[in-house]
Each structure stands twice: as C-alpha cells, then as structure tokens.
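In: Here's a sequence, model it:
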Amino acid sequence: MIALIRFLLAILASPFKSISRLEAENAALRQQLIVLRRKTKGRARLTNAYRRFFIELYRWFPSILEALTIIKPETLVRWHRAGFRRYWRWKSRRQGGRPKIQLELRALIQRMSAENRLWGAPRIHGELLKLGFEISQSTVAKYMVRRRGPPSQGWRAFLRNHAPHIAAMDLFVVPTIGFALLYAFVIVRLDRRTLVWTNVTRHPTAEWIARQITEAFPWDEASRYRIRDRDGVFGAVVTRRLRAMGIGDKPIAPASPWQNAFAERLIGSIRRECVDHLIVFGERHLRRILRCYAHYYNEVRTHRSLNKDAPTSRAVQRIGNIKSHAILGGRHHHYLRI
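Out: Sure, this is the predicted structure:
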C-alpha cells in the first residue's frame, strides 16, 4: 500500500520537475551574470556566499552542471564534498564528556613518568591522589611518556645509586721554593664530592699509602670500592690493605686518567684555586695549606654538581648583616650573615 502511494505521488509530481529544473538553471545563469558583471580584472572571484548558493542548487538540482560556464563541474563537486566533510566534522564535534586536564598536571605526569622509569600508571596515579589531584588512572596512562622496551635505569641513575659507596684517590706533585718535589695524596668521596683526606710526603711508598687509607676511614665507614690509577706506588701492600678492609680495588685502564675523573677534577681545583698562587716552603707548609683548603672545599665552596651547595650542606641565611672572612690569605672569602 505504501509503495503504491509513493508511485502515485511520483506520477503527480512529474509534470512539475521540468519547470523546477528550468527555474534552477535560470537562477544559476543569473547568478553567473552577476558574478561576471562584478569582475574587475583577471578571472572571476567567487565568494563563500556564491559558493554556498551553487552548492545548494546542486544538492536539489544536479542538472545545473550543464548550465555552469564560469566554473568547471569538477570544481562544484569538490566544493560540495568539502562542505560535506565540514558539516559532519561539526556534527560529530565533542559536546561534553570528560573535561580536559590542565597543562601543569599533564606536565607533572610526564615528569613523574620520566623520572621514575619503574613506575606504572597505578603508582603515578596513587602519588597524584596524595598530592590532591582528582584524576582517573586511565588519564594518567594516556599522558605518560611512551617508551620502547622494558623500563631500565639510565647511566646517571646507575652512577647516582653507586656513588655513596665509591671513593677515589690519587697523587699529585707540588714543587717547593728549593725546587724539591712534594707528593700530595688525596681521597674524595663521589656522592657529595667530599675531600676525605689529604697528606704530604717527600717519598711516597706503598706502605705509606696503605697507612693513609687506614687513617682516612674507620673500619666501619670505609667505602666499598676505591678507584685509583696504575701508578707503581700502589703496590701489593696497598691492594692487601684494601682487601683486608673489605674495599674493592678498581684500577683504571692504562693511560686513561678520565676514568678517575673525580680525583683529577679535585686536583685541578686545588691547583687552580690554591697551590698555583703560593710558594711552598716545605712539607709542613704544604700540609697546613691543604688542610685549610680542605676545610674551605668541604664547608664553604659551592659546587655546580651539588646544585650550588657545599659537600657539607650550608643552610640558607636570609636575616642579618653580611660579613666576610678571608680564607687562604685572602685568596677566597666566606660570606655569612651575622
């Protein structure tokens, strides 16, 4: 029954189709004349209003393609398809749902994910809840840093975890006023760059170095590993003493001083900031200078690797008058608020 009604309606509307098409073609022709009359130089420029007019006519009367002359039929079809895409993009736009999180919170999630490679979305989500952020775990997983392969720590984290158990030692030469050579022995801890021990001798031997190691560290506070170069003075006596104290001996490769970089950097700082500006009179004089510099190095001097703090952390002073105290004969100064 419905099909029959549709058929009858189509028969009744058929006489009017030709007139409607003719009127649509006439409207298209008139619109093209208007565009051509407004043209000044070059080709005709169609505004968005004209384009929408032709597209609407084409939607209802596709036969107007035969009456178009100022544009190609392919151009009109392309306009129609572009409008179709824009319409459905607007139709399927987001009209609600879960609100977007703030950029600061997104950056915090990525920071936690980058700094803690062993943490997954549940762990980061728990930390955020403790910080007062109401957020779902799926959102945390969405903004985490993407990685390839299983999580693993980087070299920076690996060295930071092992630095508290490692110390380095080395010798350097200082000439005296009489052109004699003195040998200064230093030990530095890697975690806080603490200058643990300094001493001076004219004739370094393995027995003397072994005694310095014993005096530098109590038996219950010795580092687990000791980095040194392959100088012949570090003989069998030194290795036996390290083994007896439970310290692992880690000699560097031959001709590779960069593998003992912490001790080399410390020696460079001592030279640049202290002994290169003094004339050493003797062994006692150099020992006193190094003891004074060790106090300055550990208690006062700020280090970039420690976030501008001293090995023995200095408290921030905000109240009081600023006073300075000369160190090493005025070569350096210590500034305090009193």
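In: Find the nearest non-adjacent residue to residue 197, please.
Out: residue 216 (3.6 Å; CB to CB, 6 or more residues apart in numbering). Every C-beta, even on glycine, is put in place using the N, C-alpha and C of the backbone.
In: The one you found contacts residue 186, correct?
Out: No: taking contacts as CB atoms under 8 Å, residue 216 lies outside contact range of residue 186: 9.8 Å.
In: could you pull out the helices for the stretch 201-338 of the chain?
Out: In the stretch 201-338 of the chain, the helices defined using DSSP state H, counting those that start in this stretch lie at 206-216, 236-244, 261-273, 283-299.
In: out of the ones you listed, which comes closest to residue 58?
Out: helix 261-273 (75.4 Å; CB to CB).
In: Could you list the buried residues of that closest one?
Out: 262-264, 266-267, 269-270, 273 (16 or more other CB atoms under 10 Å).
In: Please identify the one among those residues that lies nearest to residue 173.
Out: When those are compared against residue 173 (criterion: CB to CB), the nearest one is residue 267, at 10.1 Å.
In: who's in contact with the residue nearest to residue 197?
Out: Shown in contact with residue 216 (CB atoms under 8 Å, 6 or more residues apart in numbering): 187, 196-197.
In: Kindly provide the distance from it to residue 301.
Out: Separation of residue 216 from residue 301 (CB to CB, to the nearest Å): 20 Å.
In: CSV for the buried residues of helix 261-273, including distance to residue 208 and pLDDT?
Out: Below are the buried residues of helix 261-273 laid out as CSV (distance: CB to CB, whole Å; pLDDT from 0 to 100):
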residue, distance to residue 208, pLDDT
262, 22, 92
263, 18, 94
264, 21, 94
266, 20, 94
267, 18, 96
269, 24, 93
270, 20, 95
273, 26, 91
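In: quick revisit: would you report which members of the contacts of residue 216 are assigned to helices?
Out: Taking DSSP state H, every one of the contacts of residue 216 sits outside helices.
In: Need the pLDDT of the nearest residue to residue 209 once chain neighbours are set aside.
Out: Counting by CB to CB, 6+ apart, residue 238 is the residue found nearest to residue 209 once chain neighbours are left out, at 5.3 Å. What the model reports as pLDDT for residue 238 is 93.
In: and residue 238, how many neighbours?
Out: Residues lying near residue 238 (other CB atoms under 10 Å) number 23.
In: what's near enough to touch it?
Out: Counted by CB under 8 Å, 6+ apart, residue 238 has contacts 206, 209-210, 213.
In: thinking again about what came up before, among the buried residues of helix 261-273, which one sits closest to residue 118?
Out: For the buried residues of helix 261-273, the nearest to residue 118 is residue 262 (27.4 Å; CB to CB).
In: Around the nearest residue to the closest one once chain neighbours are set aside, count how many other residues there are.
Out: Spatial nearest neighbour of residue 262, excluding adjacent residues (CB to CB, 6+ apart): residue 168 at 4.9 Å. Residue 168: 26 surrounding residues under other CB under 10 Å.
In: Next one: residue 168 from residue 235, what distance?
Out: Distance of residue 168 to residue 235, given as CB to CB: 18 Å.
In: Looks to me like residue 54 is in a helix.
Out: Yes: assignment of residue 54 by DSSP: H, G, I helix; E, B strand; the rest coil places it within a helix.
In: Model confidence for the residue nearest to residue 326 when sequence neighbours are not counted, exactly?
Out: Excluding its sequence neighbours, the residue lying closest to residue 326 (CB to CB, 6+ apart) is residue 333, at 5.8 Å. For residue 333, the pLDDT comes out at 88.
In: Repeat that for residue 107.
Out: 90.
In: which residues pair with residue 175 across the strands?
Out: Beta bridges link residue 175 to residue 181 when assigned by DSSP bridges.
In: what stretches of the stretch 101-250 of the chain score poorly on pLDDT?
Out: For the stretch 101-250 of the chain, the stretches with pLDDT under 70 are 149-158, 219-220.
In: which residues of it fall in strands?
Out: Ranges of strands within the stretch 101-250 of the chain are 166-175, 181-189, 195-201, 225-228, 248-251, based on DSSP state E, counting those that start in this stretch.
In: quick revisit: for residue 260, see how far away the residue nearest to residue 197 is.
Out: According to CB to CB, residue 216 and residue 260 sit 17 Å apart.
In: Quick check, residue 231 in contact with residue 172.
Out: No: between residue 231 and residue 172 there is no contact under CB under 8 Å: 11.0 Å.
In: Neighbour count for these two, which is higher?
Out: residue 172 (17 against 13).
In: you'd agree the more buried one is up against residue 184?
Out: Yes: assessed by CB under 8 Å, residue 172 is found in contact with residue 184 at 5.5 Å.
In: got any residues that touch both of these two?
Out: residue 270.
In: one step back: got any residues that touch both of residue 216 and residue 186?
Out: Common contacts of residue 216 and residue 186 (CB under 8 Å, 6+ apart): residue 197.
In: burial of residue 205, as a residue count?
Out: For residue 205, using other CB under 10 Å, the count is 13.
In: Next, work out how far apart the nearest residue to residue 203 once chain neighbours are set aside and residue 318 are.
Out: Excluding the flanking residues, the one nearest residue 203 by CB to CB, 6+ apart is residue 183, at 7.9 Å. In this structure, residue 183 and residue 318 are 44 Å apart, going by CB to CB.
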